[in-house]
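Engineer: sequence plus the predicted model coming up.
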Amino acid sequence: MSPIIFLKKYSAGRKTFLVALFSAIFLSPSVSIKLLSQGTKIDLTLSDSKIDIIISGMSLEEKIAMLHGNGMFSSAGISRLGIPEMKYTDGPFGIREELEKNSWNSLRLTTDSATFFPTGSALAATWSPDLAYLLGNALGEEAKIRGKDVLLGPAVNITRVPTGGRTFEYLSEDPFLNARLTVGYIKGVQDRGVGACVKHFALNNQETNRGRVNVIVDERTMREIYLPPFEAAVKEANVFAVMAAYNKIAGSWCSEDGDLLNRILKKEWGFNGLVVSDWGGTHSTVKAAIGGLDVEMGTSGSAFFGQALIDSVKAGHVPIEVINEKVRRILRVRFAVEPVSETKTGAVVSTPEHGKIAYQVASHSIVLLKNASHILPVDLNKVRSIAVIGENATRKFASGGFGAGVKTRYEVTPLEGLQRKIGNKISIKFAQGYKSSFIQNHQSGGRRLPNNAVDSVLLKEAVQLAKNSDITIIFAGTNREFESESSDRPDLKLPYGQDNLISAVTAVNPKTIVVLVAAAPLDLNNAENSSPALLISWFNGSEGGNALADVILGNVNPSGKLPFTFPASLSDSPAFSLGTFPGDNNAYYKEESLVGYRWFDTKNIKPLFPFGFGLSYTGFSYSGIKTDKLKYRSNETIQVTLELKNTGKMNGDEVVQLYVHRLNSQVEWPEKELKGFTRVSLNPGESKKVTISLPVSQLRYWDAKIHDWRLESGKIQVMIGSSSSDIRLVKNIEI
Ligand code: GLC
């Protein structure tokens, strides 16, 4: 059958791509083909023998053409065989709009609006792998409808510095929490027949000098803190693609580091998908080819993996088997992801069902940080007027700044959310309070700094409104211009003079709630001192305003828990207190494994709000911790049970957290480490037996002397808490 007939047959969309492809190539009846029904979850260990037959029939030029971009977000297939190109798309919380083939310019279509899902730190604040799955699954469906093969997400780097520009996009400061959410998200995406691409591998923990910073980190820390989310992505979620990071590790570019890509990722972890560079993150031809990079993306005209690679193969610098292995990996993904025929991509992308999922994630992510005198939830029978103050009450967060913004079908702002729920029952008046703007700063390569000058006219108007309202809600925080890829924030301060606004408003109206619409740690000392109630509502997607209004009005009981520590002062946090951030060309991870709460707990430094912290409108009591045994062997699993009771008057969720503290260890450990968690829903007065399983293998440490995991026998204390600093029950056991 000629490729033309094949293309007609394949593009009919009825035949699965694979059946049509193989019949196009092997006419011999002897080659039997398992019919792959639509939607079969195909893994990457697809019959390599068939793929190798294809490879044996390909020219060198055809092979090399697959190894680099043939457009900004696509790489070539094999047109002679009717194998379509691979289409990649950003981003981790919304499918980016269609761009011109070879540029970053939008095509300005009207058919590609997508759902804006809560961003990384919001998802992390839900502490729910199930919600991560739902979000990934909906994203995967939108990617599929848009004809995309690989979604460039999740972005799972550990938030090592609280000022990190991409904290909004990443997840948390803990490898266990990141790994659990990463697995859920990737399974969700790939169950839709779209490949996920976990990024950025590895140690891409800052934006300052991200394109050249060289990370110096000890082996144990790298294995126990920074690699686990990627290891889980490969070993548990069977991720189809991995994106090599921009930075260097120990002097070697991630995109050509054989140790990272070949030895650890492909050999030790058994990854059999493809490694793609970050966009423009390829730095050589031979070194990158030998080092394990499979696809060069984002470099216009394929600077390294185009003609230069053909020449290198012909000159004998790169063995043809190395090229064949790259093509094999790409074809595995290509066959595992059935391409969408052109007809399908006109369908509606963002659906009401996806809006519901965005709402579910958002409403489980909001964190109640303070609720003195129970000013929250607002009782509409007791107030006649509400002052809504702050630009973030009306601002949208789907796009902006650098990186993967979302042209979203809709986004409900906090003010709209309140107006919808309250209607004209009581008066809601708005005052902008502050204005976000930037001053051009040339110190560090044109990084923009916020203009923190107070706008006295806006301030006066806001104070006036607050004085004449029963209660005030200030919407402060940051935005997508300020928290952004390609630059870290200068500090944790609330920008644009918001602290002055908060002080001035709370001085005239003590019944003032402060809502932070932000996606990373902030300096909330002043807000905490001034206001009786504090909420964090993240960059929370198309439904963010509805979810927030439901929490403020008590329709939803807040259940989010902080995915990272809020330091009382930036200098308390490890990288700043050790003076290693941002580093010049080298970033020394001197704090080793003491990242986030590991540092604060081990050094006994009190944070403003600890990792895992989040209040509720109800209360929970913990009792009766038990373990199924007192002594455990290396291949066993510790079953921890306890009784959790809702002691209040409102149903609610509690995220029960399990930490481990080493008692008589010869090895150095952080004070405690998260090793389990579960979200429990309870009605008022209801109690439930909660079980958390902890495989003993999770307690091993990386012994750099033997370059392998080792289990240390001895006593450990299992700690059950409502946050890393609120331990309610402990139980000692022995390994
Ligand atoms: C960017 C980001 C990466 C993104 C890629 C394509 O620089 O680092 O996360 O997927 O380029 O936009």
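Structural biologist: Everything's here; your move.

Engineer: list the buried ones in the helix or strand harbouring residue 132?
Structural biologist: Assigned by DSSP states H and E, residue 132 falls within helix 129-145. Buried residues in helix 129-145, counted by 16 or more other C-beta atoms under 10 Å: 129, 131-145. Using the backbone N, CA and C atoms, a C-beta is placed for each residue, glycine as well.

Engineer: please apply the same query to stretch 326-345.
Structural biologist: Applying 16+ other C-beta under 10 Å to stretch 326-345 flags 326-340, 345 as buried.

Engineer: pass me the low-pLDDT residue ranges in the stretch 351-500 of the chain, would you?
Structural biologist: 441-447 (pLDDT under 70).

Engineer: again, only using 80
Structural biologist: 401-404, 440-448 (pLDDT under 80).

Engineer: now stretch 212-221: mean pLDDT?
Structural biologist: Taken as a whole, stretch 212-221 has a mean pLDDT of 98.

Engineer: what residues of it count as buried?
Structural biologist: Applying 16+ other C-beta under 10 Å to stretch 212-221 flags 213-217, 220-221 as buried.

Engineer: and stretch 261-268, by the same measure?
Structural biologist: Neighbour-count burial for stretch 261-268 [16+ other C-beta under 10 Å]: 261-262, 264-266.

Engineer: same question, stretch 196-216
Structural biologist: Going by neighbour count (16+ other C-beta under 10 Å), the buried part of stretch 196-216 is 196-210, 213-216.

Engineer: of the residues you listed, which are in range of the ligand?
Structural biologist: residue 199 (C-beta under 6 Å from any ligand atom).

Engineer: cross the buried residues of stretch 196-216 against strands and list the overlap.
Structural biologist: 196-201, 214-216 (DSSP state E).

Engineer: can you name the residues of the chain that neighbour the ligand?
Structural biologist: 90, 152, 199, 278-279.

Engineer: out of those residues, list just those in strands.
Structural biologist: residue 199.

Engineer: would you mind measuring from the closest residue in space to residue 548 that isn't next to it in sequence to residue 367?
Structural biologist: In this structure, residue 548 finds its nearest non-sequential neighbour in residue 537, 4.7 Å apart by C-beta to C-beta, 6 or more residues apart in numbering. Separation of residue 537 from residue 367 (C-beta to C-beta, to the nearest Å): 8 Å.

Engineer: buried residues in stretch 423-433?
Structural biologist: Neighbour-count burial for stretch 423-433 flags 426, 428, 430-433 (criterion: 16+ other C-beta under 10 Å).

Engineer: ugh, wrong one, stretch 617-632
Structural biologist: Neighbour counts over stretch 617-632 (16+ other C-beta under 10 Å) mark 617-618, 620, 622, 625, 627, 632 as buried.

Engineer: any idea of the mean pLDDT in it?
Structural biologist: Regarding stretch 617-632, the rounded mean pLDDT is 98.

Engineer: can I assume residue 104 sits in a helix?
Structural biologist: No. Read with DSSP: H, G, I helix; E, B strand; the rest coil, residue 104 is coil and lies in no helix.

Engineer: need the pLDDT of it.
Structural biologist: 91.

Engineer: same question, the one 4 residues further on
Structural biologist: For residue 108, the pLDDT comes out at 93.

Engineer: count of residues packed around it?
Structural biologist: Burial of residue 108 is recorded as 11 neighbouring residues (other C-beta atoms under 10 Å).

Engineer: about what we covered before: which one's more surrounded, residue 537 and residue 367?
Structural biologist: residue 537 (30 against 25).

Engineer: just list the residues touching that one, thanks.
Structural biologist: 362, 365-366, 414, 515-517, 544, 547-548, 551 (C-beta atoms under 8 Å, 6 or more residues apart in numbering).

Engineer: can you tell me which two in the buried residues of helix 129-145 are farthest apart?
Structural biologist: The distance between the two most remote of these (C-beta to C-beta) is 24.8 Å, for 129 and 145.

Engineer: can you put the contacts of residue 537 in JSON lines and add neighbour count and secondary structure?
Structural biologist: Shown next, in JSON lines, are those (neighbours: other C-beta atoms under 10 Å; DSSP: H, G, I helix; E, B strand; the rest coil):
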{"residue": "362", "neighbour count": "33", "secondary structure": "helix"}
{"residue": "365", "neighbour count": "32", "secondary structure": "coil"}
{"residue": "366", "neighbour count": "28", "secondary structure": "coil"}
{"residue": "414", "neighbour count": "26", "secondary structure": "helix"}
{"residue": "515", "neighbour count": "25", "secondary structure": "strand"}
{"residue": "516", "neighbour count": "25", "secondary structure": "strand"}
{"residue": "517", "neighbour count": "26", "secondary structure": "strand"}
{"residue": "544", "neighbour count": "32", "secondary structure": "helix"}
{"residue": "547", "neighbour count": "30", "secondary structure": "helix"}
{"residue": "548", "neighbour count": "30", "secondary structure": "helix"}
{"residue": "551", "neighbour count": "27", "secondary structure": "helix"}
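
Engineer: got the CA positions of stretch 469-484 in CSV?
Structural biologist: What follows is stretch 469-484, C-alpha atoms only, in CSV (Å, rounded to 0.1, in the frame of the first residue of the first chain):
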residue,chain,number,x,y,z
SER,A,469,-18.5,49.6,55.7
ASP,A,470,-19.3,46.9,58.2
ILE,A,471,-16.5,44.7,57.1
THR,A,472,-13.6,45.1,54.7
ILE,A,473,-11.9,42.5,52.5
ILE,A,474,-8.5,43.5,51.1
PHE,A,475,-7.3,41.5,48.1
ALA,A,476,-3.5,41.9,48.1
GLY,A,477,-0.6,39.7,46.9
THR,A,478,1.3,39.5,43.7
ASN,A,479,0.5,38.8,40.0
ARG,A,480,1.7,36.9,36.9
GLU,A,481,4.0,39.9,36.0
PHE,A,482,5.7,39.8,39.3
GLU,A,483,5.9,36.1,39.9
SER,A,484,7.2,34.9,36.6
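
Engineer: distance check, the residue of the stretch 51-200 of the chain found nearest the ligand against residue 577.
Structural biologist: Nearest residue of the stretch 51-200 of the chain to the ligand: residue 152, at 3.9 Å (C-beta to the nearest ligand atom). Residue 152 sits 34 Å away from residue 577, going by C-beta to C-beta.
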